[in-house]
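1. Structural data only, the sequence is not supplied:
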C-alpha cells in the first residue's frame, strides 16, 4: 500500500511518496515516482492500483495542459481539483479509478493550495494530508507539530519525523521516499 | 465498506420556530474512523430563504450540491423568481428517485421560509422519500440520538435566539455520543430579514 504525505509551508508545498511498486508479496520496483508535475506550478501524488494510477495521472496532466493551451490561461489549483474530482465522481459508477490523490499547487495570488481527493470523488482542501497506511501514522504527528507559515527547514523536520514514524512502525517495509516541492518557481525534486 | 451512508460521517438537524428556521450541522469529514478534516461544510445556501443540508457520502454531497445549484440557476432564469421551499423539496425528491436503482448516497434536509414567512422543513432518505414536519427533522449518523434530544427540548413558537440555543444544545449533546460526527458545529438561523451563521465549539473528537 502506497504512502503519500503532503505538507503546506510558507508559499510552498512539500510532498513525499514512497517509491516501492509491489503486488501481493512481491516488490517489482524500488524507484517508482508517484508524484507527477501536471504543469509549472502544480503536482499530483497518486497512490493505488498501479495501472489506474499511471493512466489517471496522464489523463489529468493531458487534459489540464490541453485546457491551458486552448484557453491561454493557467488553470488554478482549485480548478484542477474540481476537474479531477469530476472525473473520479463520474467514473465511480461506471469504471472506477482506484486511486488516492493529493493535489498540490501554488497559485500566484492565492498561494499554496493542497487538496485531498479519494477514489470516490471526495475533495477537500487541507493544510496537510496523507494517503495509504501513512494516514494512520502521520496525521497525529502533523496535528502536533504543524503550524501555519512554516519555512522549508521546519517542514523538512516535520516530514522527517513522519517518515521515521512510518519506517519504525509500519509492518510493510518502505525504505525509500521521493520528495518533491512546488513553489512559485515550479516543481522540483528535493532532498529531505 | 460496511455502511456507505456513514463512511464519511455527518449529521444535520433542522428546527422550526416562530417565523424562523434553524439548521445545524457538524464539521467532521472522515474516512471511516480516520478524521481527514474538521472544517467541512454540509449546509448550503440555495437562496436567501432556502437552505439545503446534505449528509451521507461526501462525493455525492458535492455532486448534488453542484447539481442543485445548476438546476436552481436554470429555474431562476426561466421563471424569473426564486424557487419555493416546497417546490425545491419536490425537485430534490424526484432527482434522488430518478436514481432509484443506483442512488446518490445522500440524505438531504431542507429548511426554508415560504412567501408568507412560515417555516418549511423536510428531510428525505437517499431515495427521495420525504417527510415534512412542523417541529424538527434530523438526518445523519447521530439521527437517533438527535430525535431523542429534539423531542425533549423542542417547544413550538420559539424566537430566533431561543431557537438557536435549543438547536445548538440538541446537536451538541448528540455529537458528544457519536464518534463519526463532531469536531464543532455550524448553525444557520433563517429569518425573513436574513441568514445568521454561527460556529460552535463542541467536544473536539
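-> Nice, I can see it. Owing to the predicted nature of the structure, the values given are computational and were not obtained by experimental measurement. Residues are numbered from 1 along each chain as shown, chains lettered A, B, ... in the order given.
2. Between the two ends of stretch B:45-60, what distance do you get?
-> Start to finish, the residues bounding stretch B:45-60 are 17 Å apart (Cα to Cα, to the nearest Å).
3. so, in contact with chain A or not, that stretch?
-> Yes. For stretch B:45-60, a contact with chain A is found by Cβ under 8 Å from any Cβ of the partner chain, at B:57-59. Bear in mind the C-beta positions are built from the backbone N, C-alpha and C, glycine included.
4. By neighbours, which of those residues wins?
-> residue B:58 (28 neighbours; other Cβ atoms under 10 Å in any protein chain shown).
5. Pretty sure it sits against residue B:29.
-> Yes. Applying Cβ atoms under 8 Å, one finds residue B:58 in contact with residue B:29, separated by 6.1 Å.
6. Just give me the residues shared between the contact sets of these two.
-> A shared contact of residue B:58 and residue B:29, defined by Cβ atoms under 8 Å, 6 or more residues apart in numbering or on different chains, is any residue touching both; here these are A:122, A:124, B:8, B:10, B:40.
7. host element of residue B:112?
-> In this structure, residue B:112 is located in strand B:106-113 according to DSSP states H and E.
8. Mind listing the strands that strand pairs with, and their directions?
-> As defined by DSSP bridges, the strand partners of strand B:106-113 come to strand B:50-56 (antiparallel), strand B:119-124 (antiparallel).
9. Mean neighbour count, those: which tops it?
-> The highest average neighbour count among the strands paired with strand B:106-113, using mean count of other Cβ atoms under 10 Å in any protein chain shown, belongs to strand B:50-56 at a mean of 27.
10. Need the single longest helix in chain A, by residues.
-> The residue-count maximum for a helix in chain A (DSSP state H) belongs to helix A:50-71.
11. Please name every helix or strand in contact with that helix.
-> For helix A:50-71, the helices and strands in contact under the criterion 3 or more Cβ pairs under 8 Å, 6 or more residues apart in numbering or on different chains; DSSP states H and E are strand A:35-39, strand A:42-48, helix A:77-92, strand A:99-107.
12. Save these as JSON lines, and put in mean pLDDT and distance to chain B too.
-> Conversion of the helices and strands packed on helix A:50-71 to JSON lines gives the following (pLDDT from 0 to 100; distance: least, Cβ to the nearest Cβ, whole Å):
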{"stretch": "strand A:35-39", "mean pLDDT": "94", "distance to chain B": "20"}
{"stretch": "strand A:42-48", "mean pLDDT": "95", "distance to chain B": "13"}
{"stretch": "helix A:77-92", "mean pLDDT": "95", "distance to chain B": "5"}
{"stretch": "strand A:99-107", "mean pLDDT": "96", "distance to chain B": "10"}
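13. which other helices and strands contact the host helix or strand of residue B:144?
-> Assigned by DSSP H and E, residue B:144 falls within helix B:143-153. Counting by 3+ Cβ pairs under 8 Å, 6+ apart, the packing neighbours recorded for helix B:143-153 are strand B:11-16, strand B:136-140, helix B:160-176.
14. Point out the ones among the residues of stretch B:45-60 next to chain A that are inside helices.
-> Using DSSP H, those in helices are B:58-59.
15. Any idea which residue of chain B lies closest to chain A?
-> Residue nearest to chain A within chain B: residue B:59 (3.5 Å; Cβ to the nearest Cβ).
16. so after the strand or helix carrying residue A:141, what's the next helix or strand?
-> Element membership for residue A:141, per DSSP H and E: helix A:134-145. Using DSSP H and E, the helix or strand that follows helix A:134-145 towards the C-terminus is helix A:152-169.
17. Contacts for that next one next, please.
-> The list of residues contacting helix A:152-169 from outside it, by Cβ under 8 Å, 6+ apart, reads A:3, A:5, A:7, A:9, A:12, A:14, A:16, A:130, A:133-134, A:137-138, A:141-142, A:145-147, A:150, A:174-175, A:177, A:179, A:181, A:192.
18. Beyond the lowest-mean-pLDDT helix or strand in chain A, next helix or strand please.
-> Lowest mean confidence among the helices and strands of chain A (mean pLDDT, DSSP states H and E): strand A:21-23, at a mean of 88. Later in the chain than strand A:21-23, the nearest helix or strand by DSSP H and E is strand A:26-29.
19. any idea of the mean pLDDT in that following strand?
-> When the per-residue pLDDT values of strand A:26-29 are averaged, the result is 91.
20. what distance separates that strand from the centre of its chain?
-> Offset of strand A:26-29 from its chain centre (Cα atoms, centre = their mean, to the nearest Å): 22 Å.
21. Which strands or helices does it pack on?
-> With 3+ Cβ pairs under 8 Å, 6+ apart as the test, strand A:26-29 has strand A:21-23 packed against it.
22. In its sheet, which strands sit next to the strand it packs on, and in what direction?
-> Strand pairing (DSSP bridges) places strand A:21-23 next to strand A:26-29 (antiparallel).
23. in chain A, what residue is nearest chain B?
-> Counting by Cβ to the nearest Cβ, chain A gets nearest chain B through residue A:121, at 3.5 Å.
24. Surely residue A:187 is in contact with residue A:45?
-> No. With contacts defined as Cβ under 8 Å, residue A:187 does not count as touching residue A:45, sitting 11.3 Å away.
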